[in-house]
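Novice: Below are the sequence and a predicted model; questions follow.
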Amino acid sequence: MIHIRDIEPTEDAKMNEYRLTGRCNNFKYFIFLSFLVVVTNSETLAMQQITPSEQMLYSTVKITTLSDDGTVETGTGFFFDFVVEGSKFVPTIVTNKHVMEGADRIKIVFHIAEQGRPSGQFVTYDIGVTSGSVFNHPDPNVDLCAIPIANILLESNINNKPIFAKAIRLDVIPPDEDWQYFDVIEDVTMIGYPRGISDETNNLPVVRRGITATSLGKPYNGKQEFMVDMACFPGSSGSPVFLYNSGMYIDRRNNSIIAGERLYFVGVLHAGPIIGNDGQIVLAQQPKIYVPTMMHLGYVIRSTQLRVLDAEIRRLLTDEVRKKIEIDSIAN
């Protein structure tokens, strides 16, 4: 039995954040996800529980990048809260640097919340991109960046169109000492928008499942990355990759089989190898990946690199910047 702390918004909405924690009375496992919702006072009403699978779906958005020269491309982003200090945090959308490269603005379609769940209605925001509007990972070789969205969340509340989203936080990332206990072959789930494909009627992403192609516990070729065995098309760049087990999984720390669910955020897809016409294997990022030459492998940046980006955002924050990108949520 999974017990989830549920809420339902009422009138005079203010931003709030709650953590979902799953527990099984007889088996040891944890589900960690946090999400942004809209509430007002201490009264909270029960809502239909949202499953871990649904939580993963609503953690992502399709990013459509538009350039002044008319170029239109798509990628994937996911909600992530940085600089969490008590009730305050910096809400963002994380994606790859190369997804944002050359974009003058981006378009994102958000879900509108109603009674603690997605309403089936959407709101679209056209967001201008400037050199100061994106936080880049400090290492030029790590393909990660974050787009602050506090102004969008607050504006949506003022307009009575509160955004429904499931935001990931650092505590969904396995601790450094736990990576050694993952098995060599693990089931992984990726949520994204390959070639921009999505359920447009319901504004939902596509789910891909596969296995780890290299060990999670051993950085691939000395980089903070690992490989996955699944089809990774353009548009999937920026997709979050989860280790998700439902039913049973092996706990290598205690050499036991655990009944229950396990959900970890383990990485972000950023590229995939292809076989060129001359037979050489090369690294490719969107948009030049072709189905006949794909190897159905993907390069995934370890989620631990989000901790580095969190430290970088903290370094760049000034009191003036905080006022623009930080949200203060009042817990009930």
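Specialist: The structure has been received and is ready for your questions. Numbering: from 1, shown residues only.

Novice: so where's the chain shaky on pLDDT?
Specialist: 1-48, 276-294, 319-320, 323-324, 328-332 (pLDDT under 70).

Novice: Gly267 belongs to a helix, doesn't it?
Specialist: No: under the criterion used here (DSSP: H, G, I helix; E, B strand; the rest coil), Gly267 is strand, not part of a helix.

Novice: Relative to Glu186, how far out is the spatially most central residue of the chain?
Specialist: The centre of the chain sits closest to Phe78, judged by C-alpha atoms, centre = their mean, with a distance of 3.2 Å. Applying C-beta to C-beta, to the nearest Å, the value for Phe78 to Glu186 is 20 Å. Just so you know, the C-beta spots here come from the backbone N, C-alpha and C atoms, and that holds for glycine as well.

Novice: Could you say which helix or strand holds Arg307?
Specialist: helix 305-316 (DSSP states H and E).

Novice: Any chance you could list what contacts that helix?
Specialist: For helix 305-316, contacts defined as C-beta atoms under 8 Å, 6 or more residues apart in numbering pick out 80, 82-83, 90, 94, 135-139, 142, 144-146, 170, 173, 224, 268.

Novice: Would you list the buried entries among those residues?
Specialist: Among these, those classed as buried by 16 or more other C-beta atoms under 10 Å are 80, 82-83, 90, 94, 135-137, 142, 144-146, 170, 173, 224, 268.

Novice: quick one: stretch 192-203 to chain centroid distance?
Specialist: A distance of 15 Å separates the centroid of the chain from that of stretch 192-203, by C-alpha atoms, centre = their mean, to the nearest Å.

Novice: Name the residues of that stretch that are buried.
Specialist: In stretch 192-203, counting by 16+ other C-beta under 10 Å, buried: 192-194, 196, 198, 203.

Novice: which two in these are spaced the farthest apart?
Specialist: Farthest-apart pair in those is Pro194 and Asn203; separation 16.0 Å (C-beta to C-beta).

Novice: show me where the stretch 1-150 of the chain has strands.
Specialist: Taking DSSP state E, counting those that start in this stretch, the strands of the stretch 1-150 of the chain run over residues 14-22, 31-39, 60-66, 72-85, 88-95, 105-114, 117-128, 135-136, 145-148.

Novice: Now do the contacts for the residue nearest to Thr92 when sequence neighbours are not counted.
Specialist: Closest residue to Thr92 apart from its sequence neighbours, by C-beta to C-beta, 6 or more residues apart in numbering: Ala146 at 4.0 Å. Applying C-beta under 8 Å, 6+ apart to Ala146 gives the contacts 80, 82, 92-94, 134-135, 309, 313.

Novice: of the residues you listed, closest to Met100?
Specialist: Among the contacts of Ala146, and counting by C-beta to C-beta, the member closest to Met100 is Val134, at 6.0 Å.

Novice: which non-adjacent residue is nearest that closest one?
Specialist: Cys145 (5.1 Å).

Novice: where does Ile211 land in three-state SS?
Specialist: Ile211 is classified as strand under three-state DSSP.

Novice: Beta-bridge partners for it, please?
Specialist: For Ile211, the beta-bridge partners are Asp187, Asp229 (DSSP bridges).
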